[in-house]
Each structure stands twice: as C-alpha cells, then as structure tokens.
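> the sequence and its predicted three-dimensional model are supplied below.
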Amino acid sequence: MPNILIVEDEAKMQRLLQLSLAEEGYTTRSASDAEQGLRLLRQEKFDLAITDLKLPGMDGLEFLQTVKRTDARIPVILMTAFGTIETAVQAMKAGASDYVLKPFSLEEIKLIIKKELNVLRLQEENRDLREALGKRYQFRNIIARSAKMQEALAVVDRVAPTNSTVLLGGESGVGKDLIARAIHQHSRRSSGPFIKINCAAIPENLLESELFGYEKGAFTGAVSAKPGKFELADKGTIFLDEIGDVPPSIQVKLLRVLQEREFERLGGTKTLKVDVRLVAATNRDLRAALEQGSFREDLYYRLNVVPINIPPLREHKEDIPDLVHLFIERFAGEAGKSVSGITPAAMKKLMEFHWPGNVRELENIIERAVALTSRPQIEESDIRLDLSPSIAPKELTSSGVPFPPEGMTLEQFEDEIIREALRRANGNKSQAARLLGLSRNALRYRLSKIGVADEGEP
C-alpha cells in the first residue's frame with residue numbers, strides 16, 4: 001500500500017490525517033518538524049509527502065525544496081492557512097504537486113492524494129513500459145511521433161480502460177476532442193454512446209436543459225419531455241468541452257452527477273440514475289478561475305482526477321509532415337483530386353510558422369490548398385498563412401505598438417517579422433534590411449539564428 005509522510009506540528013491535525021488516511025488503506029508516518037521528516041525520508045521509501053507551510057525551524061517551503069533536490073519523483077502536497085496567490089505560485093515553482101488551504105475537508109485532501117498517487121503510478125508504469133519495450137502509442141486518426149505527444153498518449157493508454165474522470169487541458173485546436181474519443185474507444189464502454197457537448201456554444205439559459213433534459217411544461221415551448229445528454233450517454237462516455245465556461249448554477253448539478261450519479265430533469269421531481277464516464281476539456285486556466293471564484297473548488301477536484309495536457313503544435317512540430325500528408329490524402333479523396341504530396345519549399349513554410357490555431361489551423365490551410373491547387377503537389381504559393389494576428393488591432397498595445405499574438409514568444413515574433421520582410425523584398429536581403437531599419441550585417445546575424453543561409457546577392 002502507498003506509504004505517506006505527514007509533516008505537521010499540530011498534534012490534533014496530525015492525528016486526524018493519520019486516522020483518515022488509514023481508513024483509505026494507506027500506511028503513514030508522521031513528523032512534527034521538517035528536520036524529522038527529512039530523517040524519515042532517508043530511512044524509508046515514501047510514495048507521497050504532505051507538509052504544513054508553517055513549521056518550527058525549517059518551514060514547509062524549504063522542506064519541499066530539499067525533498068525535490070533529493071528525490072524529484074515524490075509528490076509533495078503543501079497545506080497552509082495563509083494561502084495567497086504568491087504562496088501558491090512559489091510552491092508550484094518549487095515543485096509542489098498541489099496545495100490545499102486550511103481549513104479543508106478530509107474528503108478534499110483524500111481526493112488530492114488519490115489523484116497525485118494515480119498520476120505517479122501512471123508516470124512510473126508508462127516510463128517502465130517505454131524503457132522495457134520501446135513502445136509507441138498509436139490511436140486511430142491521431143498523429144503522434146513526437147516525444148511530447150507520446151507522453152500524452154501513454155497516459156491515455158493507461159487511463160482509458162479505467163472509469164476515472166479525465167480532464168484534458170490545452171489550447172484551442174490541439175485535438176482534445178480526438179483524445180476524448182480515443183479514451184472512449186479504448187475503454188470498456190466503447191460499445192456505448194459517446195456524447196459530446198460544447199458548453200461554450202450553448203446559451204446559459206439552455207445549457208441546463210441540454211445537459212439534464214426537461215419535463216413537459218417545464219417552460220414555454222416544452223410541449224413534450226426530452227432527455228438530456230447525461231441520459232443519452234448512459235453506459236457510455238460524455239465529453240464536456242470548454243468545461244470552464246459552465247456557469248456556477250450548473251456547476252452544482254454537475255458536482256452532484258459526479259458524486260452521486262443522479263439528477264432531476266428541469267421541471268421534474270423524479271430522481272434519475274445514470275452510469276456515465278465523464279471526460280472534460282478546457283483551454284482556460286481553471287486554477288485562476290478558482291482564485292477568481294468563478295469555478296467551484298470541489299468540482300475542480302472531482303474533474304481533475306487524471307489530468308492530461310495536450311501540447312500546442314508549435315511544441316511538437318516534428319509531427320507536422322505526417323499531419324500534412326494525412327490531411328492531403330483525406331481532402332484529395334473527398335474532392336476527387338489527384339493531389340499526392342507537397343514540395344519541400346511548401347513544407348518548410350509550414351514548419352516555420354508559429355501555428356496559433358494549432359492542428360485545426362493546419363487542417364484548414366491544407367484543405368484550402370488542396371481545393372485551390374491545379375497541380376499534383378502543393379507548392380509554396382498554394383499555402384496561404386494567416387499572418388494578420390501579428391498586426392491586427394486586437395494585438396496592439398495601448399500605445400499602438402504591435403504585440404505578439406497569443407502563444408507566440410518574443411523571439412518567434414521577431415523571427416516572423418524577419419521572414420515577412422524577406423517575403424516583401426522577394427528574397428533580396430539588402431532590401432529586407434532596409435525595410436527593417438537594420439544594417440546588412442545585423443540582418444545576416446539574425447538570419448543565421450533562424451537557419452536561413454546567407455548566400456550573398458549579385
């Protein structure tokens with residue numbers, strides 16, 4: 001059974017945690033200060049540590065930093081009655097797996113511990129599998145040769161057969177819906193329904209009836225009863241996209257469904273039971289929403305049992321060639337065109353772009369290129385990239401200065417400006433330097449940084 005270290009100087013809290021965790025089947029050891037806790041860590045193997053922030057002598061933050069220097073594998077949960085955003089940020093930077101504010105419920109701390117131990121187990125099992133077998137994880141319609149995507153799919157592979165709630169994170173367009181479908185297809189519920197609903201696309205006054213259904217006469221126009229998405233997903237999986245946009249009034253009902261597996265239709269009194277697995281997704285920072293009070297903390301912990309973060313396309317560009325060929329084959333077949341490939345120059349153009357819209361944007365660009373080209377291969381001139389975000393009014397600062405679009409670093413922004421100057425100068429580097437207000441040598445230096453050879457000009 002998992003062995004948990006409790007570092008807490010308050011005797012009553014220490015004993016309460018010991019008894020509560022023992023009920024869950026965990027073995028525990030306790031320390032009244034950080035120094036004693038570190039001695040125990042040197043003597044025994046622990047799977048997780050819980051520490052108070054305020055301790056006599058060395059405080060919880062110093063204890064956390066020391067533990068992480070010794071064994072970065074061990075998850076450390078920080079408890080504090082003096083919680084601020086700064087404290088939380090400092091703790092997470094130091095390597096804390098999570099933090100909890102006092103006073104807290106025992107159910108809350110047990111949920112956090114269970115989540116962290118599940119993640120640790122999955123990480124260790126996946127690492128062992130990859131080392132032993134060199135396994136590559138493959139799912140239909142998902143391209144993932146890169147290490148970052150393989151890490152995400154390794155967790156998918158392990159969590160899919162379970163009934164755990166999964167929270168998918170990542171920017172818009174990274175393919176969270178495909179990951180959710182893969183989890184369903186590789187689960188024991190694969191023969192059941194897969195119901196998807198975008199919470200941000202439905203008005204607040206209609207979302208409750210969409211999720212939970214309504215009875216006849218519940219509101220004007222309800223001429224007959226209608227089942228909601230949770231009823232339709234019974235014995236299957238429901239995928240709630242953009243969960244961060246669910247209003248507080250409906251968050252309460254979602255929490256009840258997750259905890260009790262029951263609800264009532266809008267305007268109804270009969271309690272309905274459902275057997276549903278929930279996969280949720282968000283491109284928002286739910287922790288920030290917790291701080292703002294717009295998202296319930298208890299619901300967050302119910303959702304965040306197994307978190308999976310899908311990286312943006314700019315962080316796994318090595319997958320772009322395979323994605324491009326997949327999209328070309330798909331759209332050429334749908335359009336009945338004999339487009340069979342892409343030129344190296346066109347591929348280079350795609351590889352150098354920063355992809356603020358991620359895989360969805362790449363898919364749209366390839367579909368447009370296939371539709372408009374009259375050649376057997378997509379060429380550079382067929383690729384129409386949307387460069388407007390770098391100069392669009394919404395990306396201007398208050399002083400009117402262009403600001404990098406979301407997801408693009410300052411260095412990437414500068415590289416894109418240099419490439420745009422080269423395009424406007426038709427490849428003439430001297431003219432590009434003049435457009436940028438740089439000397440020829442300064443431009444040469446920047447070109448070398450982005451891998452553009454300086455071949456000289458006549």
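Yes, it's here. Remember, predicted model here, so these are calculated numbers, not experimental data.
> in space, not sequence, find me the middle residue of the protein.
G169 (1.9 Å; CA atoms, centre = their mean).
> helix, strand, or coil at L5?
In three-state terms, and counting by DSSP: H, G, I helix; E, B strand; the rest coil, L5 is strand.
> and if you look at V279?
Going by three-state DSSP: V279 is strand.
> against S190, how distant is it?
To S190, V279 is 13 Å away according to CB to CB, to the nearest Å. Yep, even glycine has a C-beta here, placed from its N, CA and C like the rest.
> how about D33?
The value you get for D33 to S190, if CB to CB is used, is 51 Å.
> out of the two, which sits in the more crowded spot?
Each of D33 and S190 has its neighbours counted (other CB atoms under 10 Å); D33 has more, 17 against 14.
> next up, the contacts around that one.
By CB atoms under 8 Å, 6 or more residues apart in numbering, the residues touching D33 are V7, D9, L55, P56, G57, M58.
> again, only using 7 Å
By CB atoms under 7 Å, 6 or more residues apart in numbering, the contact set of D33 is D9, L55, P56, G57.
> mind checking which of those residues are buried?
Buried members of the contacts of D33, counted by 16 or more other CB atoms under 10 Å: L55.
> nearest to P356, of the contacts of D33?
Checking the contacts of D33 against P356 with CB to CB, the nearest one is L55 at 44.8 Å.
> for the closest one, which three-state class applies?
Applying three-state DSSP: L55 is coil.
> tell me the contacts of it?
Residues counted as contacts of L55 (CB under 7 Å, 6+ apart) are V7, D9, D33, A34.
> separation between it and A144?
From L55 over to A144 the distance is 44 Å, taken as CB to CB.
> where do the strands sit along the stretch 51-200 of the chain?
Assigned by DSSP state E, counting those that start in this stretch, the strands in the stretch 51-200 of the chain fall at 76-80, 98-101, 166-169, 194-198.
> so which of those strands gets nearest R360?
Nearest to R360, of all the strands of the stretch 51-200 of the chain, is strand 194-198, at 13.7 Å by CB to CB.
> parallel or antiparallel, list what pairs with the closest one.
Taking DSSP bridges as the criterion, strand 194-198 sits next to strand 237-241 (parallel) in its sheet.
> could you point out which element follows the partner strand?
helix 248-260 (DSSP states H and E).
> now that following helix, how far from the centre of its chain.
Here the centre of helix 248-260 is set off from its chain's centre by 22 Å, with CA atoms, centre = their mean, to the nearest Å.
> check stretch 255-263 too.
Stretch 255-263 sits 24 Å away from the centroid of its parent chain (CA atoms, centre = their mean).
> send me that stretch as PDB with only the CA atoms.
Extracted in PDB, the C-alpha atoms of stretch 255-263 (Å, rounded to 0.1, in the frame of the first residue of the first chain):
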ATOM      1  CA  LEU A 255     -20.900  18.000  -9.000                       C
ATOM      2  CA  ARG A 256     -23.900  16.000  -7.900                       C
ATOM      3  CA  VAL A 257     -23.800  13.900 -11.000                       C
ATOM      4  CA  LEU A 258     -20.100  13.100 -10.500                       C
ATOM      5  CA  GLN A 259     -20.600  12.300  -6.800                       C
ATOM      6  CA  GLU A 260     -24.000  10.600  -6.700                       C
ATOM      7  CA  ARG A 261     -24.600   9.600 -10.400                       C
ATOM      8  CA  GLU A 262     -28.100  11.100 -10.100                       C
ATOM      9  CA  PHE A 263     -30.100  14.200 -11.100                       C
END
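> state the distance from L410 to G357.
Applying CB to CB to L410 and G357 gives a distance of 20 Å.
> comparing the two, which residue is more hemmed in?
G357 (21 against 9).
> quick one, strands of the stretch 201-350 of the chain?
Ranges of strands in the stretch 201-350 of the chain, per DSSP E, counting those that start in this stretch, are 237-241, 262-264, 271-273, 277-282, 306-309, 341-342.
> got the ones you listed as JSON lines, with mean pLDDT and mean neighbour count columns?
Output for the strands of the stretch 201-350 of the chain, formatted as JSON lines (pLDDT from 0 to 100; neighbours: other CB atoms under 10 Å):
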{"stretch": "strand 237-241", "mean pLDDT": "94", "mean neighbour count": "24"}
{"stretch": "strand 262-264", "mean pLDDT": "90", "mean neighbour count": "16"}
{"stretch": "strand 271-273", "mean pLDDT": "91", "mean neighbour count": "12"}
{"stretch": "strand 277-282", "mean pLDDT": "94", "mean neighbour count": "25"}
{"stretch": "strand 306-309", "mean pLDDT": "92", "mean neighbour count": "18"}
{"stretch": "strand 341-342", "mean pLDDT": "92", "mean neighbour count": "20"}
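> and for the closest residue to S187 other than its chain neighbours, the neighbour number?
Among residues not flanking S187 along the chain, A160 sits closest, at 5.0 Å (CB to CB, 6 or more residues apart in numbering). Using other CB under 10 Å, A160 is surrounded by 20 other residues.
> next one: G25
8.
> so who does the residue nearest to it when sequence neighbours are not counted touch?
Leaving aside its chain neighbours, G25 sits nearest to M1 (5.4 Å; criterion: CB to CB, 6+ apart). Counting by CB under 7 Å, 6+ apart, M1 touches G25, Y26, T27.
> do you know how far E352 is from K317?
Taken as CB to CB, the span from E352 to K317 is 9 Å.
> no, scratch that, I was asking about R73
Counting by CB to CB, the gap from R73 to K317 is 30 Å.
> who's more crowded, the two?
More crowded of R73 and K317, by other CB under 10 Å: K317, with 16 against 11.
> just give the nearest non-adjacent residue to the more buried one, would you?
Once flanking residues are discounted, K317 sits nearest to M351: 5.9 Å by CB to CB, 6+ apart.
> the one you found is in contact with E318, isn't it?
No - contact criterion CB atoms under 7 Å: M351 and E318 do not qualify, at 9.1 Å.
> lowest-pLDDT helix or strand in this protein?
helix 85-93 (a mean of 73; mean pLDDT, DSSP states H and E).
> circling back to that earlier point, the residue nearest to K317: what secondary structure?
Applying three-state DSSP: M351 is helix.
> ok, it - how many residues close by?
Residues near M351, counting by other CB under 10 Å: 13.
> tell me which of the contacts of M1 is nearest to L443?
Y26 (61.8 Å).
> could I get the phi/psi values of that closest one?
Per-residue torsions, Y26: phi -80, psi 150 (degrees, to the nearest 10).
> give me the neighbour count for it.
Y26 sits with 20 neighbouring residues when counted by other CB under 10 Å.
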